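Student: structure of the sequence below:
(2 chains)
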There are 2 protein chains.
Amino acid sequence: MQSILKELSTKSPKKIVLLVMDGVGGLPREAGGKTELETARTPNLDALARSAECGVHLPIGFGITPGSAPGHLALFGYDPLEYSIGRGVVAATGVAFPMNAGDVAARLNFATLDQAGAISDRRAGRIPTEKCAQLCELLKAVSIKGVEVSVRPVKDYRAVVVFRGKGLSDLVADTDPQVMGVKPLDPAATDPKGEHTAQVAKEFVAQARKILSSQSPANGVLLRGFAELPHIPSLPELYKLSPVALAVYPDYKGVARLVGMDVVEDLADLDAQAKALKTVWDSHDFFFIHHKYTDSKGEDGDFDAKVKEIEKVDAFLPSVLAMKPDLIIVTGDHSTPAVAKAHTSHPVPFLIAGEGVRGDGTQKFGERGCAQGIWGTISGQVLIRIALAYTGKLKKYGA
Amino acid sequence: MQSILKELSTKSPKKIVLLVMDGVGGLPREAGGKTELETARTPNLDALARSAECGVHLPIGFGITPGSAPGHLALFGYDPLEYSIGRGVVAATGVAFPMNAGDVAARLNFATLDQAGAISDRRAGRIPTEKCAQLCELLKAVSIKGVEVSVRPVKDYRAVVVFRGKGLSDLVADTDPQVMGVKPLDPAATDPKGEHTAQVAKEFVAQARKILSSQSPANGVLLRGFAELPHIPSLPELYKLSPVALAVYPDYKGVARLVGMDVVEDLADLDAQAKALKTVWDSHDFFFIHHKYTDSKGEDGDFDAKVKEIEKVDAFLPSVLAMKPDLIIVTGDHSTPAVAKAHTSHPVPFLIAGEGVRGDGTQKFGERGCAQGIWGTISGQVLIRIALAYTGKLKKYGA
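Tutor: Numbers count the residues shown, from 1 in each chain, chains lettered A, B, ... in the order given. As a prediction, the model looks like this:
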């Protein structure tokens, strides 16, 4: 299908906005109640829904709870089961580290180890990003024969390490045991092909331990999500798009970069995103706008705070519509119901407004309203295709 | 799936009608308005819808705008991405030219060339079919060593040329530059395998040019859609059907022939189709009835005329129902909204009435009514399977 879409794709001046409220899908607090989205006062989203085609989507498939990277890959039109992006790659691309094919990246969490070497805090007291950057600087002293090691700060206690050298592989297990009171695991290959890299990682951990020994509270490292760069055909390559991402969080910038989007840096909040949108409007035709905190508040289990985040996005919406996009999709990358305090598999509401839509009379942008919409329940991976077709970016197939 | 269906298929006396309003799917003229189908007064279709199972279908897939041939292949139960039918083959089979495996067909348009050889009219003033037939007769004088050349008139300025010989291939690009004021392109291979055929086509074009030099306005030819015969397992082979096509336009007869349908010739309009239906009723069990003008009026951008064409089909419907088919599907092969003046990717409404249907209370046969119907949004390729199953033509799978 992808090769056919590539063949059919054609450049058009039409502009598409993909506005993602991370984890927007929710659940009622009590049986018979409303979800976060249904509770929120969203006059702008509701007005848009009334002129839109609505539905709910499954980012990956029935019963599959998407992680953030696969959830977004789906919205960008890729099958996340075909293109898997490891956590290490998300972290590396998120901080704009220029990974090459064959490099292996892993998420590095600074942690506190007790005198026996057991983990007493998996997040090293959530040290601030500045401290994290200082520690990464110290780790430049690590030296491993035949391997180039790069460590970059991400956010708080989180960093990323990238190994570059011959014969590396991502077939290495996490060293984070996910519990406290035990020692970090030794890097272990999950396949003979990963042996060399496991040795490299082991050496890295040992040297890091020595370098950090006098530090407090961050005197150790945990490695997770060893990953190589996947080959993903880019959105410009596939659809002749000039896409740009307006996201606050590094991980989403990372996924956007992996599919060939330009990325606007240093955006602090929705206000900054609104301003940046104006700046990049003329030079691009696909705008991915990401709001993280709907998901964060869901993860926190804070129903009311998630409602407020949705209302913030609703208040932000007019600044997007003021740009007069030819088509706009509003949706999420997965559900994060506050009652679940986690991502879930529930279908995610979406609306498609603008050029070529039939309009289905949906009155309120919400899970159940959208499920009754014209599209019913569909795969999240096809949303971008609908948008491309409606804006004349996909030619007719066959005579 | 196809081999399973073939295994499960069984002959039954039940009769299925597939009534296709070409390009019936539409869009509102203005936001919040009605589509062509929703606007049309269709008492017969609405009555049928009220006892039917309704839905909307995607002939090929989300975001894919179907050409006519793939749109129909889908309705006949085939995956158009698996069985691609080139324009040349559609044209050749449309005029009942008996193509063999290895033959290469191309659409031939008569055109007007100026003294410098540049195209001044890509359609040669839309010469009538009779004139086209005379010119095709003249082109019998073309002689190419080792290749048998056949030229047949299709309609107006459109004809088809078929090359038969050893080592031919359809890997040759169109010679129609799609613009005026420039010379036709030389036939060029798109792959080394197409070199020989490109040479043959070049020779054909040169001789045709000479033969037509004294003609006016049709003194040149443009070739498009070089294509070989695809191998498509036929409907009789797959489902033990005895299918027949009642279509006015050659292209649809062509696609019908490709899937093994009998074809009734010389049908001028819906009245003739109604009469012919009676004639073939006893000898067949699957009846494909095609109405072209809903699409033509959509392509013209004439909303009101498209509404009228739909109303004509509505008035024709009782003559079909009078035959008491066991099951009838009414739908389109794609959408051709008048506001788009072109095929689009929008889902196409359908109804399935007759034996074994549950009935979903749809009140009016239209895009949005059907989208709320019992089937929601499904692939157009499965409609025939539902019809076959409901009429007892597919046995149980497994014990």
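Student: all strands for the stretch 251-399 of chain A, in order.
Tutor: Under the criterion DSSP state E, counting those that start in this stretch, the stretch 251-399 of chain A contains strands at A:262-263, A:286-291, A:327-331, A:348-354, A:377-379, A:396-397.
Student: which one of those strands lies nearest to B:E367?
Tutor: Counting by CB to CB, B:E367 lies closest to strand A:348-354 out of the strands of the stretch 251-399 of chain A; the figure is 14.9 Å. Heads up, the C-betas are built off the backbone N, CA and C, glycines and all.
Student: quick one: that closest one near chain B?
Tutor: No: using CB under 8 Å from any CB of the partner chain, strand A:348-354 stays clear of chain B, with a minimum separation of 10.0 Å.
Student: could you dump the strands of the stretch 251-399 of chain A into a markdown table with distance to B:I378 added?
Tutor: As requested, the strands of the stretch 251-399 of chain A are exported to a markdown table (distance: least, CB to CB, whole Å):
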| stretch | distance to B:I378 |
| --- | --- |
| strand A:262-263 | 38 |
| strand A:286-291 | 29 |
| strand A:327-331 | 22 |
| strand A:348-354 | 19 |
| strand A:377-379 | 11 |
| strand A:396-397 | 19 |
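Student: A:G55 contacts A:Q372, correct?
Tutor: No: judged on CB atoms under 8 Å, A:G55 makes no contact with A:Q372 at a distance of 9.1 Å.
Student: comparing those two, which residue is more hemmed in?
Tutor: For the pair A:G55 and A:Q372, the greater number of neighbours falls to A:G55 (28 against 15), based on other CB atoms under 10 Å in any protein chain shown.
Student: burial count for A:A218?
Tutor: Residues near A:A218, counting by other CB under 10 Å: 23.
Student: what residues does chain A have near chain B?
Tutor: Proximity of chain A to chain B (CB under 8 Å from any CB) is limited to residues A:1, A:4-5, A:8, A:51, A:356, A:358-361, A:372, A:374-379, A:382, A:384-390, A:394-399.
Student: the closest residue to chain B within chain A: neighbour count?
Tutor: For chain A and chain B, the shortest gap (CB to the nearest CB) falls at A:R385, measuring 2.9 Å. Look at A:R385: counted by other CB under 10 Å, it has 22 neighbours.
Student: next up, the contacts around it.
Tutor: Listed by CB atoms under 8 Å, 6 or more residues apart in numbering or on different chains, the contact set of A:R385 reads A:L5, A:G77, A:L394, B:G61, B:F62, B:G63, B:I64.
Student: need those residues in a markdown table with distance to A:P349, can you?
Tutor: Output for these, formatted as a markdown table (distance: CB to CB, whole Å):
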| residue | distance to A:P349 |
| --- | --- |
| A:L5 | 25 |
| A:G77 | 19 |
| A:L394 | 24 |
| B:G61 | 22 |
| B:F62 | 18 |
| B:G63 | 20 |
| B:I64 | 24 |
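Student: in helices, which of those appear?
Tutor: The helices, defined by DSSP state H, take in A:L5 from these.
Student: of all the contacts of A:R385, which comes closest to A:P192?
Tutor: Taking CB to CB as the measure, A:G77 is the one of the contacts of A:R385 closest to A:P192, at 35.5 Å.
Student: so that closest one versus A:V20, what's the distance?
Tutor: Counting by CB to CB, to the nearest Å, the gap from A:G77 to A:V20 is 14 Å.
Student: so for the two, which residue has more residues nearby?
Tutor: Remark: of A:G77 and A:V20, A:V20 carries more neighbours, 25 against 22, as counted by other CB under 10 Å.
Student: with adjacent residues omitted, what lies nearest to that one?
Tutor: Leaving aside its sequence neighbours, A:V20 sits nearest to A:H290 (CB to CB, 6 or more residues apart in numbering or on different chains; 5.0 Å).
Student: show me the contacts for that neighbour.
Tutor: A:V20, A:D22, A:A245, A:L246, A:A247, A:V248, A:Y249, A:Y252.
Student: measure the nearest residue to A:F76 once chain neighbours are set aside to A:I232 for me?
Tutor: Spatial nearest neighbour of A:F76, excluding adjacent residues (CB to CB, 6+ apart): A:V259 at 5.0 Å. A:V259 sits 6 Å away from A:I232, going by CB to CB.
Student: looking at the two, which is more packed in?
Tutor: Counted by other CB under 10 Å, A:V259 and A:I232 do not tie: A:V259 has more neighbours, with 24 against 18.
Student: wait, the more buried one touches A:A74, no?
Tutor: No: contact criterion CB under 8 Å: A:V259 and A:A74 do not qualify, at 11.4 Å.
Student: show me where the stretch 51-200 of chain A has helices.
Tutor: A:68-75, A:87-94, A:129-138, A:195-212 (DSSP state H, counting those that start in this stretch).
Student: who's in contact with A:A105?
Tutor: By CB under 8 Å, 6+ apart, the neighbours of A:A105 are A:86, A:88-89, A:91-92, A:97, A:99, A:160-163, A:226-228.
Student: if I look at A:H290, how far off is A:Y249?
Tutor: 7 Å.
Student: comparing the helices of the stretch 51-200 of chain A, which gets the lowest mean pLDDT score?
Tutor: Among the helices of the stretch 51-200 of chain A, helix A:87-94 has the lowest mean pLDDT, at a mean of 91.
Student: could you check how far that one is from the centre of its chain?
Tutor: Computed by CA atoms, centre = their mean, to the nearest Å, the chain-centroid distance of helix A:87-94 equals 10 Å.
Student: now do stretch A:182-192
Tutor: With CA atoms, centre = their mean, you get 27 Å for stretch A:182-192.
Student: now stretch A:143-157
Tutor: What separates the centre of stretch A:143-157 from the centre of its chain is 22 Å, taken as CA atoms, centre = their mean.
Student: check stretch A:208-219 too.
Tutor: So, by CA atoms, centre = their mean, the centroid of stretch A:208-219 is 31 Å from its chain's centroid.
Student: flag every buried residue along that stretch.
Tutor: Buried residues in stretch A:208-219, counted by 16 or more other CB atoms under 10 Å in any protein chain shown: A:A208, A:I211, A:L212, A:Q215, A:P217, A:A218, A:N219.
Student: ok, and what's touching it?
Tutor: With contact meaning CB under 8 Å, 6+ apart, stretch A:208-219 is reached by A:110-113, A:121, A:124-125, A:127, A:131-132, A:135, A:138-139, A:141-142, A:157, A:220-221.
Student: how long is that stretch end to end?
Tutor: 9 Å (CA to CA, to the nearest Å).
Student: show residues contacting stretch A:276-287.
Tutor: Under the contact criterion CB under 8 Å, 6+ apart, stretch A:276-287 has outside partners A:12-18, A:235, A:241-244, A:246, A:261-262, A:264, A:267, A:289, A:319-320, A:323, A:325.
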